[in-house]
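A.B. asks: return a 3D structure for these sequence lines:
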Amino acid sequence: MSECYEYVPHRLLRRRVRDIASGVEGELMAVINENVSDSVVYEHWMELAYIRGTSGREFTTAVDNIQPADVAQDDCRTRSMGSV
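C.D. replies: Residues are numbered from 1 along each chain as shown. Model prediction:
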C-alpha cells in the first residue's frame, strides 16, 4: 500500500457524530481520501472518516456511515414513539 492520501473538507468536522455501522459516537477529526489497496498495480481510493471516541482513541469508518449525533438521537426517539 502506498502512503497516498489527501484531506477532504467536510461540514461535520470537529462536531459530534455517530458511526451508524457501529453505533459509536465521537468527534469527527478528519476526512481523508486514502488509497486502501494492498496492490501496487491497482489503486482503490476511499474516503475515510476519522472519529475520536470518548476514550480518546480514534477509529475509522466510511464517510457515508457518519451522521450528526443529535440527528441520531432524534431518529431513535421518533422510532420509539411510533412503536407505542
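A.B. asks: the closest residue in space to Ile51 that isn't next to it in sequence and Trp45, how far apart?
C.D. replies: Distances taken as CB to CB, 6 or more residues apart in numbering place Gly26 nearest to Ile51, at 4.3 Å, with adjacent residues excluded. C-beta coordinates here come from the backbone N, C-alpha and C atoms, glycine included. Counting by CB to CB, to the nearest Å, the gap from Gly26 to Trp45 is 24 Å.
A.B. asks: tell me the strands beside the longest strand belonging to the chain, with direction?
C.D. replies: Assignment by DSSP state E gives strand 25-35 as the longest strand of the chain. The strands that strand 25-35 pairs with in its sheet are strand 5-7 (antiparallel), strand 16-19 (antiparallel), strand 45-53 (antiparallel) (by DSSP bridges).
A.B. asks: and the nearest residue to His10 once chain neighbours are set aside, how far is that from Asn65?
C.D. replies: Leaving aside its chain neighbours, His10 sits nearest to Val31 (4.3 Å; criterion: CB to CB, 6+ apart). Computed as CB to CB, the Val31 to Asn65 distance reads 12 Å.
A.B. asks: got any residues that touch both of these two?
C.D. replies: Overlap of the contact sets of Val31 and Asn65 (by CB atoms under 8 Å, 6 or more residues apart in numbering) consists of Ala49.
A.B. asks: got a list of what the residue most central in space within the chain touches?
C.D. replies: Centroid check for the chain by CA atoms, centre = their mean gives Ala49 as the closest residue, at 3.8 Å. Shown in contact with Ala49 (CB under 8 Å, 6+ apart): 10, 17, 19, 28, 30-31, 60-63, 65-66.
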